[in-house]
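In: pasting a predicted model and its sequence here:
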Amino acid sequence: MAVEDFKPKFLAKSTMARKAADAAISATKAELINMARKHGRDVRLVHPAHTTVDCARCGARTKHALPLSERTCTCTLCGAVSPRDKNSAGVMLVRAGLNPAGVDRGRPDVPPGRRAA
Ligand SMILES: [Zn+2]
């Protein structure tokens, strides 16, 4: 199971709102991890950057983030077409070191932030 290590830095404008949101997300995350451990599941936190602009199939990054109204992403490199949420989920699985079916050229060994620029 892969969980986005979500840090909503830019979502909440006021400090109070941000603190509340952080607390809520931390609590949810902690509970999810607890539940997963209890049931013998493997939970991995995934760096959330670029999950919506990377291609889950070939790892290519699109130049521009899709507008939220655009629900389908098409890879300019390998031509993979997938619903954006499904693609993001695929990217997260690859980063978590998991290998979902259909992802044959992911880069699970490269930690986030250490990719070649
Ligand atoms: Zn691709």
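Out: Received the coordinates, thanks. Numbers count the residues shown, from 1 in each chain.
In: helix or strand for the residue in the chain sticking out farthest from the centre, which one?
Out: Most distant residue from the mean C-alpha position of the chain: residue 16, 25.9 Å away (C-alpha atoms, centre = their mean). Taking DSSP states H and E as the definition, one finds residue 16 inside helix 15-38.
In: any buried residues in that helix, and which?
Out: Buried residues in helix 15-38, defined by neighbour count with 16 or more other C-beta atoms under 10 Å: 21, 25, 29, 33. C-beta coordinates here come from the backbone N, C-alpha and C atoms, glycine included.
In: stretch 90-97 now?
Out: For stretch 90-97, by 16+ other C-beta under 10 Å, it's 90, 91, 92, 93, 94, 95, 96.
In: what of stretch 62-78?
Out: 62, 73, 75.
In: contacting the ion as well, which ones from these?
Out: Among those, the residues within reach of the ion (C-beta under 5 Å from the ion) are residue 75.
In: okay, and which of the buried residues of stretch 62-78 map to strands?
Out: Among the buried residues of stretch 62-78, the ones falling in strands (DSSP state E) are residue 73.
In: the strands in the protein, which residues?
Out: Per DSSP E, the chain carries strands over the ranges 2-4, 44-46, 72-74, 81-83.
In: closest to residue 52 out of those?
Out: Evaluated with C-beta to C-beta, these place strand 72-74 nearest to residue 52, the distance being 7.6 Å.
In: please name every helix or strand in contact with the closest one.
Out: strand 81-83, helix 84-95 (3 or more C-beta pairs under 8 Å, 6 or more residues apart in numbering; DSSP states H and E).
In: this completes my enquiry, with thanks.
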